[in-house]
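1. A structural model of the following input is requested.
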Amino acid sequence: MPTISGPAKSSSLQSGLKSLKRDWSDNNEPATSKPRSSAQASRPMASSSSHTDAAARERRLAAIKAALEDMNAASESIKTSIGSPLQSSSLANSKYYTSTKRPSDSLDSDENAKKKRILPDSFMSSTSAKSKPSSSSHSAPTSTASMTVMNVTRQEQPKKKTVDKPAAIFLSKEQIRILELVRGGQSLFYTGSAGTGKSVLLREIIKSLRKKYGNSSEAVAVTASTGIAACNIGGVTVHSFGGLSLGGESVDKMISYVRKNKKAHQRWMRTKALIIDEVSMLDGDLFDKMSQIACNLRKDSKPFGSIQVIVTGDFFQLPPVTKNGDPKFAFEASVWAELISDHSYNLTKVFRQKDEEFVNMLNEMRFGNLTPKSIAKFRSLSRIIRYDDGVGATELFPLRVDVDRSNSGRMGHLHTEKQVYRASDGGSITNPAQRERMLANMMAPAVLELKIDAQVMLIKNMDETLVNGSIGKVIRFIDPVQAKDEGIYPPGDGDSDGKQLKKSVTKSGQLWPVVAFPLPGNYIKEVMIVPDTFKVELPNGEIQISRTQLPLILAWAMSIHKSQGQTLERVKVDLGKVFEKGQAYVALSRATSMEGLQVLNFDPKKVLAHPKVIEWSKTLRTVPS
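-> Numbers count the residues shown, from 1 in each chain. Below is the predicted model of the structure:
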């Protein structure tokens, strides 16, 4: 970018103009308005004073006119040298993206920049309401041009380092009230339809309790009924926490196992608050056994041995897996009635979907009681949806084999550059069967094969715009040094582990994928993706299992089970393939709107809610004010 010398000249001219204005005004005030000394009053006036004053005025007027002309000329020079900062970006990207919207049409001064919303790093102008599809022939020079122009603006102020940060969390009144009850030591259960912020609230509860028991690392046990759910909240399965093996044995045998497991025994003794996520998939008998184990080990007859228990989930979603097909839900457990029933609350504010009609349709589906109007509307969603940015809908399947077939088939049709990334696994668990089972529950795959134009999903939060569930497309592979120069390095510095990881990434010589993520407002954000570490961590900090891998998965297809808890803007579901109660509701409620949802083979008979869950839901309370 050319050196800009205009502003300094303009500033000096303005200063001179102010001086001229001051002199002019001082010498043109009426005589009565300026106090004069007695010496001045008595001094004789020269006969030619009037001619001298007139000449001085003419000289000052000429100087002012010249200064104004110089300022105008300098201003035009500045405009010419700067040009439109995003003009070259738009031209460079016109092959791939078109847009009527741009972050800015001119460079902002420091003062104006404070008044405007600063876009996150690596934003670039692109895609309008009719943006062009991404092409497999993305060339590095084209993408580089756009990013370089955007980075020039940031580099003008090198001292101000912009770091993308997670968005601030805002809780609703009912979420805040539940958080207050938990802080006060109350055991409780909270639920809500899909998109009511259950996971957001849970993260705040975990953070609050850890702060409360800051000096005791094992006081807060964060668990979930499944490995995937446990990984999502940074915890472990209830089996791993409690040393429960498979959980099908008698209570006496399970207590015997735990006593022999010194670490598990210590966890039961030191835990003050036990959190259980996705409780809908937890067997009711196991819930009772856990309470009995805690009472026995802690020598305390109160439920769970006086441990505070916070459980959450949606019983209208996937049920516990049982051999005979007739699940016993956690709310059917004896200890639930004693500890939880009077403190079971229902969140009502929906955050995921903004369309009231769609929210009502999903609630009808949740209870398995669809009106003819909703049935007709769901059937109308079978139309084909075309996305001009080249990123298609994620198709949800009930079986993993269908997911693998779909993703591998789409990859096979791509004849583009390929890179293979193999995970590095660690952790304290050495038992091969247990280790393999826990690693299989992780979202990150052991081997990830990527090609240019592959559709991928981010499986970890990166900043306020790139979150778990963001869908994008691989557009190229790049060296980390080049990525840093172009400003597409992953946002934020992360923790000490993250910094160390990024150092190793830079030294590895490996090429990493650059993914283009569509964002609201018709923007595309390009980011180089580097490995991250996924952990299954016990309350004392022991890492049972870890996997270092790119936080990406192929996203043409995904299992309904893995999608539970995700928010997806583009979803395709074939209801002809669902077979379990709650599957249809889980799949369709991942969508943020009807505009991004395609439903094939809609059949009201497939929309099933368990009768026991419907009856139990009538006992739920509204959140106390």
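2. got the phi/psi numbers for V321?
-> In terms of degrees, to the nearest 10, the main-chain angles of V321 are phi -90, psi 120.
3. For it, which non-adjacent residue is closest in space?
-> M281 (7.3 Å; CB to CB, 6 or more residues apart in numbering). Where you see a C-beta, it was placed from the backbone N, CA and C, and this is true even at glycine.
4. cool, A557 as well?
-> S406 (3.7 Å).
5. How about residues contacting the helix or strand hosting that neighbour?
-> Here S406, judged by DSSP states H and E, is contained in helix 400-412. Here helix 400-412 makes contact (CB atoms under 8 Å, 6 or more residues apart in numbering) with E395, F397, E449, K451, A454, Q455, L554, W556, A557, M558, S559, K577.
6. how far out from the middle of the chain is it?
-> 26 Å (CA atoms, centre = their mean, to the nearest Å).
7. what's the helix or strand just after that helix in contact with?
-> Downstream of helix 400-412, the next assigned helix or strand under DSSP H and E is strand 418-422. Applying CB under 8 Å, 6+ apart, the contact partners of strand 418-422 are A446, V447, L448, E449, L450, K451, F477, L511, P513, P531, Q549, L550.
8. any idea how far the spatially closest residue to the second one that is not a sequence neighbour is from F367?
-> Think V447. With sequence-adjacent residues excluded and distances taken as CB to CB, 6+ apart, V447 is closest to R422, at 5.4 Å. Distance of R422 to F367, given as CB to CB, to the nearest Å: 46 Å.
9. can you check S382 too?
-> Distance, S382 to F367, using CB to CB: 23 Å.
10. Compare those two and say which one has the larger neighbour count.
-> F367 (15 against 12; other CB atoms under 10 Å).
11. just to revisit the earlier point, wait, isn't the residue nearest to V321 in contact with I228?
-> No. Using CB atoms under 8 Å, M281 is not in contact with I228; the gap is 10.2 Å.
12. more crowded one of the two?
-> The residue with more neighbours, out of M281 and I228, is M281; 23 against 20, by other CB under 10 Å.
13. Got phi/psi on that one?
-> phi -100, psi 10.
14. contacting residues for it?
-> Here M281 is in contact with S225, T226, A229, G313, L318, P319, P320, V321 (CB under 8 Å, 6+ apart).
15. ok, and the closest non-adjacent residue to the third one?
-> Closest residue in space to A229, ignoring its immediate chain neighbours: E278 at 4.1 Å, by CB to CB, 6+ apart.
16. That neighbour: neighbour count?
-> 26.
17. Give me the distance between it and G227.
-> Distance from E278 to G227, by CB to CB: 10 Å.
18. same deal with S382?
-> From S382 to G227 the distance is 34 Å (CB to CB).
19. how near is E174 to F378?
-> The gap separating E174 from F378 is 29 Å, by CB to CB.
20. for K606, same thing?
-> K606 is 11 Å from F378, by CB to CB.
21. ok, the two, which is more surrounded?
-> More crowded of K606 and F378, by other CB under 10 Å: F378, with 24 against 17.
22. So for the spatially most central residue of the chain, what's the nearest residue that isn't a sequence neighbour?
-> In the chain, the residue lying closest to the centroid (CA atoms, centre = their mean) is V467, at 2.4 Å. Leaving aside its sequence neighbours, V467 sits nearest to N461 (CB to CB, 6+ apart; 4.8 Å).
23. pLDDT score assigned to the one you found?
-> Note on N461: pLDDT of 84.
24. distance of the closest residue to L597 other than its chain neighbours from G192?
-> Distances taken as CB to CB, 6+ apart place A591 nearest to L597, at 4.0 Å, with adjacent residues excluded. Per CB to CB, A591 is found 17 Å from G192.
25. Among these two, which residue is more densely surrounded?
-> A count of neighbours by other CB under 10 Å puts A591 above the other of A591 and G192, at 29 against 23.
26. What pLDDT does the model give the more buried one?
-> For A591, the pLDDT comes out at 91.
27. shift numbering so it begins at 43
-> Okay, using 43 as the starting number, the last item reads as A633.
28. Isn't it up against L610?
-> Yes. Counting by CB under 8 Å, L610 is a contact partner of A633 at 6.2 Å.
29. just for the stretch 43-192 of the chain, where's the confidence low?
-> For the stretch 43-192 of the chain, applying pLDDT under 70 flags the ranges 43-95, 98, 109, 112-192.
30. Also the stretch 343-492 of the chain?
-> Those would be 366-367, if you go by pLDDT under 70 across the stretch 343-492 of the chain.
31. Assign the closest residue to K604 other than its chain neighbours to helix, strand or coil.
-> Spatial nearest neighbour of K604, excluding adjacent residues (CB to CB, 6+ apart): I270 at 6.1 Å. For I270, the assignment made with DSSP: H, G, I helix; E, B strand; the rest coil gives helix.
32. before we move on, back to that, for the contacts of M323, could you give me TSV that also reports distance to G227?
-> What follows is the contacts of M323, written out as TSV (distance: CB to CB, whole Å):
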residue	distance to G227
S267	24
T268	27
A271	25
G355	21
L360	31
P361	30
P362	28
V363	33
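33. all strands for the stretch 193-342 of the chain, in order.
-> Ranges of strands in the stretch 193-342 of the chain, per DSSP state E, counting those that start in this stretch, are 230-234, 262-266, 278-279, 315-319.
34. weakest of those strands in terms of mean pLDDT?
-> strand 278-279 (a mean of 88).
35. Run me through the strand neighbours of it, direction for each.
-> Sheet pairing for strand 278-279, assigned by DSSP bridges, gives strand 262-266 (parallel).
36. for the partner strand, which positions count as buried?
-> Residues V262, A263, V264, T265, A266 are the ones in strand 262-266 that count as buried (16 or more other CB atoms under 10 Å).
37. tell me the two of these that are most distant?
-> Farthest apart among these by CB to CB are V262 and A266. That separation is 13.9 Å.
38. how near is L110 to G284?
-> For L110 relative to G284 (CB to CB), the value is 82 Å.
39. which one of the two has more residues nearby?
-> G284 (27 against 13).
40. tally of neighbours for K107?
-> For K107, the count of nearby residues is 10 (other CB under 10 Å).
41. That one should be in a helix, yeah?
-> Yes. Assessed by three-state DSSP, K107 belongs to a helix.
42. OK, contacts around it?
-> Taking CB under 8 Å, 6+ apart, one finds nothing in contact with K107.
43. Do I have it right that A599 meets F439?
-> Yes. Counting by CB under 8 Å, A599 does reach F439; the two are 6.0 Å apart.
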